[in-house]
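J.: turn this into a structure:
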Amino acid sequence: MNTVVDTALWLLGGALLSVIIARTYDFVFFRKFDLQEAIVKGNLSASIFFGLMALGVSLIVFAVLMSPSASNVIEDVVLTILWSFGTTFIATIVFYICDRILLPKVKLEEEIKRGNVAAGVFSGLIYLLVSIIAVSIILT
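T.: Residues are numbered from 1 along each chain as shown. Prediction:
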């Protein structure tokens, strides 16, 4: 029974952390559009972008839980939060590097606001890529 409760708590905590991070980064970094408003208006690009970001965060939660270095629940929670925010922050930097340097003719944030699905997929995959690299670091 303890395993079921632990699983439910980690599931709830991971989902909540993903939502908090997505909302935080939406508020702090992505100023050209409002995530909630974009989704209400049916902006598929914004949904894909933030969905892939949430998937990346969930991979970080997975890696921290599977990590052999985590020795107790408090340490697991702290590591999960730190790795999730840190990885998403690095992914945001990579997003802006791609936006400004690699793709100077494409303004990704503006394109996501306009509903450009290619921009949403590309940007979301940046977050996923950084998360997968972080997962490999955590698990080694």
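
J.: count the neighbours of the closest residue to Phe85 other than its chain neighbours for me.
T.: With sequence-adjacent residues excluded and distances taken as Cβ to Cβ, 6 or more residues apart in numbering, Phe85 is closest to Ile21, at 6.4 Å. Where you see a C-beta, it was placed from the backbone N, CA and C, and this is true even at glycine. Here the number of neighbours of Ile21 (other Cβ atoms under 10 Å) works out to 22.

J.: quick one: contacts for Ile21?
T.: 53-54, 57, 84-85, 88 (Cβ atoms under 8 Å, 6 or more residues apart in numbering).

J.: the same query, at a cut-off of 6 Å, please.
T.: 57, 84, 88 (Cβ atoms under 6 Å, 6 or more residues apart in numbering).

J.: after the helix or strand harbouring it, which helix or strand is next?
T.: Secondary structure from DSSP states H and E places Ile21 in helix 2-28. The C-terminal neighbour of helix 2-28 among helices and strands, as given by DSSP H and E, is helix 35-40.

J.: contacts for the helix or strand that that following helix is followed by?
T.: The first helix or strand that comes after helix 35-40 along the chain, using DSSP H and E, is helix 44-66. Outside helix 44-66, the residues that touch it by Cβ under 6 Å, 6+ apart are 14, 18, 21-22, 35, 38-39, 79-80, 83-84, 87, 112, 115-117, 120-121, 123-124, 127-128, 131, 134-135, 138-139.

J.: related to what we said a few turns ago, centre of the chain to the helix holding Ile21, how far?
T.: Offset of helix 2-28 from its chain centre (Cα atoms, centre = their mean, to the nearest Å): 11 Å.

J.: buried ones in that helix?
T.: Within helix 2-28, the residues scored as buried using 16 or more other Cβ atoms under 10 Å are 10, 14, 17-18, 21-22, 25-26.
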